[in-house]
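here is a sequence together with a model predicted from it:
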Amino acid sequence: MVERSVGYEAELAGAHAAYGGLFRRAVAALADILMPPVCLVCRMPVEGHDTLCARCWREVDFIRPPFCDRLGLPLPFDTGGTMLSAAAVAEPPSYDRARAVAAHTGSMRTLVHALKFHDRHDVRRLLGKWLVEAGRDLVIDADVLVPVPLARRRLLARRFNQAAILAGEIARLTAIRYEPLLLERTRATTSQVGLSRGQRQRNVAGAFAVPPRFAARVRGHKIVLVDDVITTGSTVGACARALLLAGAARVDVLALALVTDRALVPS
């Protein structure tokens, strides 16, 4: 009698699982009819959601090895072992390592602008997946994910922080602790657009800090700082210095895009 009961329960559980799978497939099919999957860049029809068409995919200039271990800049050839770019040797960053998904060109630039300026939150799932892949050597032993904080006036105008959305998506995929309030801006800064490297560094110097009430959440932890674009590294560098000053064991940087050139180191 007990064996029959156990067998019946197993059959019932299997039936429920099969029904659940059938229901999910039906809902997905209905969703595809109501909202057919389209390319996240050009909006042309594609086979599945959260992806790009072949043409737009080819326009993503993914950053693959070999690259600088410190700055994440693409390098022309692999010399074996730890590789450093001339820029990293000349001016080592305050953070330990930086990684980016792609150069800030083509389809990646379009996706960044879609999220940042046009409230296109539908791109976050693909971007989150790309970030986890590009930063796999950073997230493997990370303790905390911290987004670069947005200036208050920009947050009020935009209503969201794109770096926080990206960090939250990474946390969803990796289960790493997400702490959006560990870092704050202590003063207003002017727009970085059009500024030289030196001007950018002076503009953000001392502009970030860890609130004293959160210091214990930083001290001794390995932190991955998340941003949308690394231009000269001035902003993420200032953020990393604030986290290290608060006692972080290590700070790495993970971004969607890197402003770079395949032949030249950015100035």
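Arrived safely, thanks for sending. Since the structure is predicted, the reported quantities are computational estimates derived from the model, not experimental observations. Residues are numbered from 1 along each chain as shown.

was I right about residue 84 contacting residue 68?
Yes - contact criterion CB atoms under 8 Å: residue 84 and residue 68 qualify, at 5.8 Å. The way it works is simple: take the backbone N, C-alpha and C, and place the C-beta from them, glycine included.

neighbour count: those two, which is higher?
residue 68 (20 against 16; other CB atoms under 10 Å).

what sits closest to the more buried one if chain neighbours are left out?
Of all residues beyond its chain neighbours, the one nearest residue 68 is residue 85 (3.8 Å), with distances taken as CB to CB, 6 or more residues apart in numbering.

so how far is the stretch of helix or strand residue 138 belongs to from its chain's centroid?
Assigned by DSSP states H and E, residue 138 belongs to helix 136-139. From the chain centre to the centre of helix 136-139 is a distance of 11 Å (CA atoms, centre = their mean, to the nearest Å).

tell me the mean pLDDT for it?
For helix 136-139, the mean pLDDT works out to 97.

got the buried residues for it?
138-139 (16 or more other CB atoms under 10 Å).

mind giving me the packing neighbours of that helix?
strand 250-258 (3 or more CB pairs under 8 Å, 6 or more residues apart in numbering; DSSP states H and E).

adjacent strands (with direction) for the strand it packs on?
strand 98-103 (parallel), strand 222-230 (parallel) (DSSP bridges).

helix or strand next in line after the last one, which one?
The helix or strand immediately downstream of strand 222-230 is helix 234-245, counting by DSSP H and E.

with the first one instead?
Once the chain leaves strand 98-103, the next helix or strand it forms, by DSSP H and E, is helix 106-117.

just to revisit the earlier point, pull the CA atoms of whichever helix or strand comes after the helix holding residue 138 into PDB?
Downstream of helix 136-139, the next assigned helix or strand under DSSP H and E is strand 144-147. Provided in PDB are the C-alpha atoms of strand 144-147 (Å, rounded to 0.1, in the frame of the first residue of the first chain):
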ATOM      1  CA  VAL A 144      29.800  42.700  -3.600                       C
ATOM      2  CA  LEU A 145      28.500  44.500  -6.700                       C
ATOM      3  CA  VAL A 146      28.400  48.400  -6.500                       C
ATOM      4  CA  PRO A 147      27.100  50.600  -9.200                       C
END
